[in-house]
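**Student:** predicted model, plus sequence, below.
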Amino acid sequence: MGGGEENVKHLEDCSVANALGTWVFSVAGALLAIPVGIKRKSLGPLVFFGTTGTMLDIIMGITACEREHAEHQMKLLEAQNAASEISLDETNTDS
């Protein structure tokens, strides 16, 4: 059970770090929306581009976190396979 809690904690840390680390699309959306909003004399472009940029940031952060989690799981699986192979080799040499 400790390993499952550790994985959840790792995912939480990863998602928080990626959520705080990705702000590029939000800023780009706002910078694009300002001149468009001024030209149209409307806040609609700011809402649209701002929320779209934020959604892209969230999606990119989650994708990076999932990739990081998958790499972590692969390393654990490889270590587990290596340990079982060593265990099988020792059992075969003892017999």
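**Tutor:** Nice, thanks for sending it over. Numbering: from 1, shown residues only.
**Student:** do you know how far the residue sitting nearest the centre point of the chain is from residue 13?
**Tutor:** In the chain, the residue lying closest to the centroid (C-alpha atoms, centre = their mean) is residue 65, at 1.9 Å. According to C-beta to C-beta, to the nearest Å, residue 65 stands 9 Å off from residue 13. Just so you know, the C-beta spots here come from the backbone N, C-alpha and C atoms, and that holds for glycine as well.
**Student:** just residue 67 next, same as before
**Tutor:** To residue 13, residue 67 is 15 Å away according to C-beta to C-beta.
**Student:** in the protein, where is pLDDT below threshold?
**Tutor:** 1-4, 6-11, 15-21, 88, 92-95 (pLDDT under 70).
**Student:** any chance you could map the helices in it?
**Tutor:** For the chain, applying DSSP state H gives helices covering 2-21, 24-40, 44-94.
**Student:** most packed of the ones you listed?
**Tutor:** When you average the neighbours per residue for each of the helices of the chain (mean count of other C-beta atoms under 10 Å), helix 24-40 leads with a mean of 15.
**Student:** same for it, what does it pack against?
**Tutor:** Judged by 3 or more C-beta pairs under 8 Å, 6 or more residues apart in numbering; DSSP states H and E, helix 24-40 is in contact with helix 44-94.
**Student:** got the angle between the helix it packs on and helix 24-40?
**Tutor:** If you take axes from the mean of the first three to the mean of the last three C-alpha atoms, to 10 degrees, helix 44-94 sits at 170 degrees to helix 24-40.
**Student:** re earlier: which residue, other than its chain neighbours, is closest to the residue nearest to the centre of the chain?
**Tutor:** residue 14 (4.2 Å; C-beta to C-beta, 6 or more residues apart in numbering).
**Student:** that neighbour and residue 22, how far apart?
**Tutor:** Distance from residue 14 to residue 22, by C-beta to C-beta: 12 Å.
**Student:** mind listing the shared neighbours of the two?
**Tutor:** residue 64 (C-beta atoms under 8 Å, 6 or more residues apart in numbering).
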